[in-house]
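# The amino acid sequence is not available; the structure is as follows:
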Ligand SMILES: C[S@@+](CC[C@H](N)C(=O)[O-])C[C@H]1O[C@@H](n2cnc3c(N)ncnc32)[C@H](O)[C@@H]1O
């Protein structure tokens, strides 16, 4: 009950924060909304079930959500940063960060339909976001072109890694370490499954903690924040 009240309060505070509202409004001005609506209609007409990712066309919700993420990370008060967003989806976080002067590259799975079209690709291209096509898998290195160095690596509403062992996670962290500047940050937000304390086990939590991570719960997400990439595990186990 207390958690629900705290979440409702955080949601309310975030929704009325002038920094968040201003940033969401400013980003919206930079978007070609009629072109986005036309794209939505085109895909809706082709879709077997126009649900799922179609929710991401709700600009009011997703621009505000991503403006809130950027503000929580202090990106509206930071000098230009190089950012990698894993599982970038429609690219809303990248668009908000670009509006703030940051350089962002997304990474996401690309799964074209039988007609060759892919909703995410069409949206991200319309928004002019750079995205690398790749499926994150245990034991598979990220693409070489993502050499960095990045100042920040983010992943919001994480879908990969649900069944990963601590060794699998160590592999991803070690892969990310040389792609991040030594003072770079890693920010992961996991959906908080109902009735489950955390989206990862104690051993994975201990691994994050050994890298100096802080943990927080925020309106339905479990957040893991590593403030200094130099503390991530190295590929050679050091
Ligand atoms: C729930 S959506 C979240 C999108 C975006 N991060 C946001 O918060 O709005 C999850 C995203 O992760 C991507 N994704 C799922 N599995 C992935 C994987 N193994 N590697 C890379 N991206 C993945 C999906 O394609 C989708 O864009």
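Thanks, I have the structure now. Only a predicted model underlies this, so the values are computations on that prediction, with no experimental measurement involved.

# who does the top strand by length along the chain touch, helix- and strand-wise?
When the chain is scanned for its longest strand (criterion: DSSP state E), the result is strand 180-191. The contact analysis (3 or more Cβ pairs under 8 Å, 6 or more residues apart in numbering; DSSP states H and E) places strand 180-191 against strand 150-158, strand 221-226. Any C-beta I mention is one placed from the backbone N, CA and C, and that applies to glycine too.

# Compare those and say which comes out lowest on pLDDT.
If the helices and strands packed on strand 180-191 are sorted by mean pLDDT, strand 221-226 sits at the bottom with a mean of 92.

# right, is that strand up against the ligand?
No - using Cβ under 6 Å from any ligand atom, strand 221-226 stays clear of the ligand, coming no nearer than 9.4 Å.

# so who does the nearest residue to residue 180 once chain neighbours are set aside touch?
The spatial neighbour of residue 180 that comes closest, neighbours along the chain excluded (Cβ to Cβ, 6 or more residues apart in numbering), is residue 229 at 3.5 Å. Residues near residue 229 by Cβ atoms under 8 Å, 6 or more residues apart in numbering: 176-177, 180-186.

# Filter these down to just the buried residues.
Members of the contacts of residue 229 that pass the buried threshold by neighbour count (16 or more other Cβ atoms under 10 Å) are listed as 176-177, 180-181, 184-186.

# of the residues you listed, closest to the ligand?
Distances from the ligand to the buried ones among the contacts of residue 229, taken as Cβ to the nearest ligand atom, are shortest for residue 176 (13.5 Å).

# Would you confirm that the closest one contacts residue 187?
No - taking contacts as Cβ atoms under 8 Å, residue 176 lies outside contact range of residue 187: 11.4 Å.

# Need the overlap of contacts for the two.
By the contact definition Cβ under 8 Å, 6+ apart, residue 176 and residue 187 are jointly contacted by residue 153.

# What count of nearby residues applies to the closest residue to residue 121 other than its chain neighbours?
Setting aside the residues directly before and after it, residue 121 is nearest to residue 110 in space (Cβ to Cβ, 6+ apart), at 5.9 Å. For residue 110, the neighbour count with other Cβ atoms under 10 Å is 13.
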